[in-house]
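**Q** Predicted structure and sequence below. I'll ask about it afterward.
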Amino acid sequence: MSVLEAEQRSDGTLAFHPPQEFRSIFTSQEDSLPAGTRLDAAGGYSDILTDKDTPSAFRLRAHFEVEEGTREFGVLLRASADGDQGYALRLEPHRGRLVLDRWPRRATGTEQWHISGDVPFAIELERPCSLEPGHHELEVIVDADLCVATLDDSTVLSTRLYDRPTGRAGAFVGEGAVTISHFSVATREANQPGAQIKENRLVAPSA
């Protein structure tokens, strides 16, 4: 079932996010990155990865302090140990958007995860958002091939991660600088019934 909550903000617009009941399933700390880590890549790219692969189901929380002029930053999902392959949830302040990208990119196809080398991301996987310098939080819930990303508890991007079933998590910045004030990966308890997860599963839109 689809279980996103909507809340009305003070300006009358709606904010969307997963319900707390679904988030609370993930309680066991799995991995993290050191708080206070600063990624600085004024003319290039920099990233940092966890020490081991994430499990098949997890909740990732990343808090960034974004510096003025930063072109892009975000989190890596199911990445290789060197960070050269995997998925990227990329935040682009200069374009005001959140997108899902993957590397290496694949040839053009009929499905939403087919992204050619000439196209930087699947058009269906773009969400407009406000990315002023300062604090931003990106939460990602992954359950098998399902991925639901929530920016600042208000903007949601849902998709499927079909091609890479395993890999590490991480954070990155391109042409700018960010400080990671919090980065954690939590899993559900070992005795958590799988049926309950299925009942609470967030369903990504079909291609």
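**A** Thanks, I have the structure now.
**Q** residues in contact with D40?
**A** Neighbour list for D40: 46, 173, 177 [criterion: C-beta atoms under 8 Å, 6 or more residues apart in numbering]. C-beta coordinates here come from the backbone N, C-alpha and C atoms, glycine included.
**Q** does the last one belong to a helix or a strand, and which?
**A** With elements delineated by DSSP states H and E, A177 resides in strand 168-188, which encompasses its position.
**Q** Over to the first one?
**A** Counting by DSSP H and E, the secondary-structure element that holds S46 is strand 37-49.
**Q** then the very next helix or strand once past that strand to CSV, C-alphas only?
**A** Downstream of strand 37-49, the next assigned helix or strand under DSSP H and E is strand 57-66. Taking C-alpha atoms only, strand 57-66 is exported to CSV below (Å, rounded to 0.1, in the frame of the first residue of the first chain):
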residue,chain,number,x,y,z
ALA,A,57,16.6,-3.1,4.1
PHE,A,58,17.8,0.0,5.9
ARG,A,59,17.0,3.6,6.8
LEU,A,60,19.7,6.2,6.1
ARG,A,61,19.8,9.7,7.7
ALA,A,62,22.2,12.3,6.4
HIS,A,63,22.4,15.9,7.8
PHE,A,64,24.4,18.3,5.7
GLU,A,65,25.6,21.8,6.4
VAL,A,66,25.9,23.2,2.9
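**Q** Measure how far the strand holding S46 is from the centre of its chain, please.
**A** Put simply, strand 37-49 sits 17 Å off its chain's centre (C-alpha atoms, centre = their mean, to the nearest Å).
**Q** Check stretch 83-97 too.
**A** Centroid separation for stretch 83-97 versus its chain: 9 Å, with C-alpha atoms, centre = their mean.
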